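*Asks:* structure of the sequence below:
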Amino acid sequence: MIKMWVKIDRLRLYDRPFLNESDECYFARERLVGGSFRDSDGNQLITNLQIPLNETHRLQHKTAAIRQFAQELNYFPFEKNSYIMPMPSSKTEDHPEYDNRIERVCRLFCKNQDLGVKFLCPIVNTVDFKSSKSGGTRSVQAFKDAYMCELLPSDCINVYIVDDALTMGTHFRATADLLRESKSDLNIFGLFWVINVHKLSE
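*Replies:* Presented below is the predicted three-dimensional model:
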């Protein structure tokens, strides 16, 4: 099996205040914050994955990124009796900017894999959050207040939360905490296609 998923260790937690050493999270590649799609493979892939759905002339690149993300999940050593779930969107389904790209990744992976991993989508978002670039503020509690979590399957032991990028870990913390409040004996993992890194000062 190709080894491409790296566990986030203590050294990578220094600027991710909502993750702690007990969280078991992994990433596949790095993305340079503030960089362009030309700066790294991670920058290029995330740029394509996050292409807005209304840019129809570029959607072939988005579709290709979704397929690649789903394929690369096959290289992760999933535990037995596992479920995979997309990170909840920061937009409600009726919002014009709603994008279910991570759900599409997870469903495509489950359709084409033979690892026995099942799809799970137990959390629904009820609030439209603005991005920090648009002046929005996002907190763990705000996400938890906006989410509704359905009853988890009785055989649900290991849950892998999938997202495209990890910055501070706010979204992961809220989702993981809500899942544990629903079922306290869960083993929860985070799988991020890229981890955001800052360019070192000269």
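*Asks:* residue 126 contacts residue 90, correct?
*Replies:* No - applying CB atoms under 8 Å, one finds residue 126 not in contact with residue 90, separated by 11.6 Å. C-beta coordinates here come from the backbone N, C-alpha and C atoms, glycine included.
*Asks:* give me the more crowded residue out of these two.
*Replies:* residue 90 (20 against 9; other CB atoms under 10 Å).
*Asks:* how about the more buried one, secondary structure?
*Replies:* coil (DSSP: H, G, I helix; E, B strand; the rest coil).
*Asks:* equivalent analysis for the one 5 residues further on, please.
*Replies:* What three-state DSSP gives for residue 95 is coil.
*Asks:* and residue 198, its phi and psi?
*Replies:* With angles defined as degrees, to the nearest 10, residue 198 sits at phi -100, psi 150.
*Asks:* next up, the contacts around the spatially closest residue to it that is not a sequence neighbour.
*Replies:* Among residues not flanking residue 198 along the chain, residue 33 sits closest, at 5.2 Å (CB to CB, 6 or more residues apart in numbering). Residue 33 is in contact with 196, 197, 198, 199, counting by CB atoms under 8 Å, 6 or more residues apart in numbering.
*Asks:* how about the residue nearest to the spatial centre of the chain: what's its closest non-neighbour residue?
*Replies:* In the chain, the C-alpha nearest the mean C-alpha coordinate belongs to residue 163, at 0.9 Å (CA atoms, centre = their mean). Nearest non-adjacent residue to residue 163, counting by CB to CB, 6+ apart: residue 87, 3.8 Å away.
*Asks:* wait, that neighbour sits on residue 169?
*Replies:* No - with contact defined as CB under 8 Å, residue 87 does not count as touching residue 169 (11.3 Å).
*Asks:* so what pairs up with the residue nearest to the centre of the chain in the strands?
*Replies:* residue 192 (DSSP bridges).
*Asks:* does it really touch residue 170, like I thought?
*Replies:* No - applying CB under 8 Å as the test, residue 163 and residue 170 come out as separate, 11.2 Å apart.
*Asks:* show me the shaky parts of this structure.
*Replies:* 1-2, 132-136, 200-202 (pLDDT under 70).
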